[in-house]
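# Here's a sequence, model it:
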Amino acid sequence: MALLAAAMRWNRHRVAVVHVHHGLRASADEDSRLVRDVARQLEVPCEIVSAPPSAASGAAPRGRTETAARERRMAAFSSVAQRRAIAWVATAHHREDALETMLLHMLRGHRGDRALASIPTVRKLDADTRLLRPFLFAEAAGRDALSACRVEAGLPFREDPTNRDCSIPRNAVRTILADAQPPLDAQTLDPLRLAARKRLETRLVKVASKLENAWHAEGAGCRVDGPAWDPPEGDSQKAWIPELLRLVGAGLSSPRVVAPRASVVGELVRLLERCGGSLEVPATPAPLRLRASSAGIHFLNERVPETDTASRILGSLSRTSLYL
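Purely as a prediction, here's the structure:
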């Protein structure tokens, strides 16, 4: 509701509401009615999409877990956006969401800047649509600020009763944040998140710059010359190589979302420094197969678009999660 209030201030004539009904709670029908009634009062288009646990759309899974529901929700947003030719889908993630996600990453054993940076501000939803989290730009807005925005706009709201269920990991972390002494609030954790975001974006710009003169079509695939895999002074290969792999994967003719594990990065470093050899890197929708040596990395049978390198890199950046 706070997001709707903010969007109406921005441009009420370019706003549409999408509400996903997961069918997981007895009160879900009342949630949908509230959304539909508010949209009608504000005279904005509204679409209620059903995505119950038994439903699956494309890659969206069945099931009652939070993760499965989130993936069905994203699939529903994508479907509506494609049908209505909408380029941007906005969600209301805020500062506390970002801090909870940071702690979840750390509790699950994730490390590095991507774990600390938490939720990206912009990411690809599908080929034609981007997911935007406007409340996470720079100094992110918190729950209290969004509540005040909603109250000022005179909009009602409903609380999800499962927010109090501490068997759900995120809710358990939320309780930890609320009860910690001294408080683990934004003043404590935000500097870590903002510093990690800054390092990520700086690293991404440097990776793009190095790729400009090192990324070539070669045979049935493409090649990234050896010097591009060496990080600038002050950075580490373990942080540098994953970002380079992500950018290359996003820029292929058949784009990949690359999620390199530490063990894979370690093996790639070994191949670059010593004997060379072949490696398969986990990616979606299919793994990347490569051959590495001190001269660089050849991505086997992975073509690149027939454009200049700068355009290819810009295309990669447009498909990459950004922390702005």
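# Using CSV, write down the CA coordinates of the helix or strand hosting residue 123.
Using DSSP states H and E, residue 123 sits in strand 122-126. Presented in CSV, the C-alpha positions along strand 122-126 are these (Å, rounded to 0.1, in the frame of the first residue of the first chain):
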residue,chain,number,x,y,z
VAL,A,122,17.3,-3.7,-10.1
ARG,A,123,17.3,-7.2,-11.7
LYS,A,124,16.1,-8.8,-14.8
LEU,A,125,12.6,-10.4,-14.5
ASP,A,126,12.4,-11.6,-18.1
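# Output the contacting helices and strands for that strand.
helix 66-84, strand 129-132 (3 or more CB pairs under 8 Å, 6 or more residues apart in numbering; DSSP states H and E). The way it works is simple: take the backbone N, C-alpha and C, and place the C-beta from them, glycine included.
# Could you tell me the least trusted of those?
Sorting those by mean pLDDT places helix 66-84 lowest, at a mean of 92.
# Just list what that helix packs against, helices and strands only.
Against helix 66-84 (3+ CB pairs under 8 Å, 6+ apart) you get strand 17-21, strand 46-50, strand 88-90, strand 122-126, strand 129-132.
# rerun that using 10 Å as the cut-off
strand 17-21, strand 46-50, strand 88-90, strand 122-126, strand 129-132, helix 169-179 (3 or more CB pairs under 10 Å, 6 or more residues apart in numbering; DSSP states H and E).
# Tell me which of those lies nearest to residue 151.
When the helices and strands packed on helix 66-84 are compared for distance to residue 151 using CB to CB, the nearest one is strand 17-21, at 19.1 Å.
# between the closest one and strand 46-50, how big is the angle?
Here strand 17-21 runs at 20 degrees with respect to strand 46-50, directions being taken by axes from the mean of the first three to the mean of the last three CA atoms, to 10 degrees.
# now the longest helix anywhere in the chain against helix 169-179, angle please.
Identified as the longest helix of the chain according to DSSP state H is helix 186-211. Following the same axes, to 10 degrees, one obtains 130 degrees for the angle between helix 186-211 and helix 169-179.
# Name the next helix or strand downstream of helix 186-211, please.
Next along the chain after helix 186-211, with elements defined by DSSP H and E, is strand 215-218.
# in that next one, what's buried?
215, 217 (16 or more other CB atoms under 10 Å).
# Could you do stretch 302-322 as well?
So, applying 16+ other CB under 10 Å, buried residues of stretch 302-322: 302, 304, 309, 312-313, 315-317, 319-322.
# Sketch out the low-pLDDT regions of the stretch 151-300 of the chain for me.
185 (pLDDT under 70).
# out of the helices and strands packed on strand 122-126, nearest to residue 98?
strand 129-132 (14.6 Å).
# by contact count, what packs against that closest one?
helix 66-84, strand 88-90, strand 122-126.
# Would you reformat the ones you listed as TSV and include distance to residue 21 and mean neighbour count?
Below are the helices and strands packed on strand 129-132 laid out as TSV (distance: least, CB to CB, whole Å; neighbours: other CB atoms under 10 Å):
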stretch	distance to residue 21	mean neighbour count
helix 66-84	9	18
strand 88-90	17	17
strand 122-126	19	18
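# Could you export these as a markdown table, including distance to residue 106?
Formatted as a markdown table, the helices and strands packed on strand 129-132 follow (distance: least, CB to CB, whole Å):
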| stretch | distance to residue 106 |
| --- | --- |
| helix 66-84 | 18 |
| strand 88-90 | 27 |
| strand 122-126 | 21 |
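# With residue 163 as the reference, name the closest of these.
helix 66-84 (11.5 Å).
# That closest one to strand 17-21, inter-axis angle?
140 degrees.
# relative to strand 122-126, how tilted is helix 66-84?
Using the same axes, to 10 degrees: helix 66-84 against strand 122-126 is 70 degrees.
# Helix 66-84: how far from the chain's middle?
14 Å (CA atoms, centre = their mean, to the nearest Å).
# Please save the CA atoms from that helix in PDB.
The C-alpha coordinates for helix 66-84 follow below in PDB (Å, rounded to 0.1, in the frame of the first residue of the first chain):
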ATOM      1  CA  GLU A  66       8.000 -19.400   0.900                       C
ATOM      2  CA  THR A  67      10.600 -20.000  -1.900                       C
ATOM      3  CA  ALA A  68       8.100 -21.800  -4.200                       C
ATOM      4  CA  ALA A  69       5.400 -19.100  -3.600                       C
ATOM      5  CA  ARG A  70       8.000 -16.300  -4.400                       C
ATOM      6  CA  GLU A  71       8.900 -18.000  -7.700                       C
ATOM      7  CA  ARG A  72       5.300 -18.300  -8.700                       C
ATOM      8  CA  ARG A  73       4.700 -14.700  -7.700                       C
ATOM      9  CA  MET A  74       7.600 -13.600  -9.900                       C
ATOM     10  CA  ALA A  75       6.300 -15.700 -12.800                       C
ATOM     11  CA  ALA A  76       2.900 -14.100 -12.400                       C
ATOM     12  CA  PHE A  77       4.400 -10.600 -12.500                       C
ATOM     13  CA  SER A  78       6.300 -11.500 -15.600                       C
ATOM     14  CA  SER A  79       3.200 -13.000 -17.300                       C
ATOM     15  CA  VAL A  80       1.100  -9.900 -16.600                       C
ATOM     16  CA  ALA A  81       4.000  -7.500 -17.700                       C
ATOM     17  CA  GLN A  82       4.500  -9.400 -21.000                       C
ATOM     18  CA  ARG A  83       0.800  -9.400 -21.800                       C
ATOM     19  CA  ARG A  84       0.400  -5.700 -20.900                       C
END
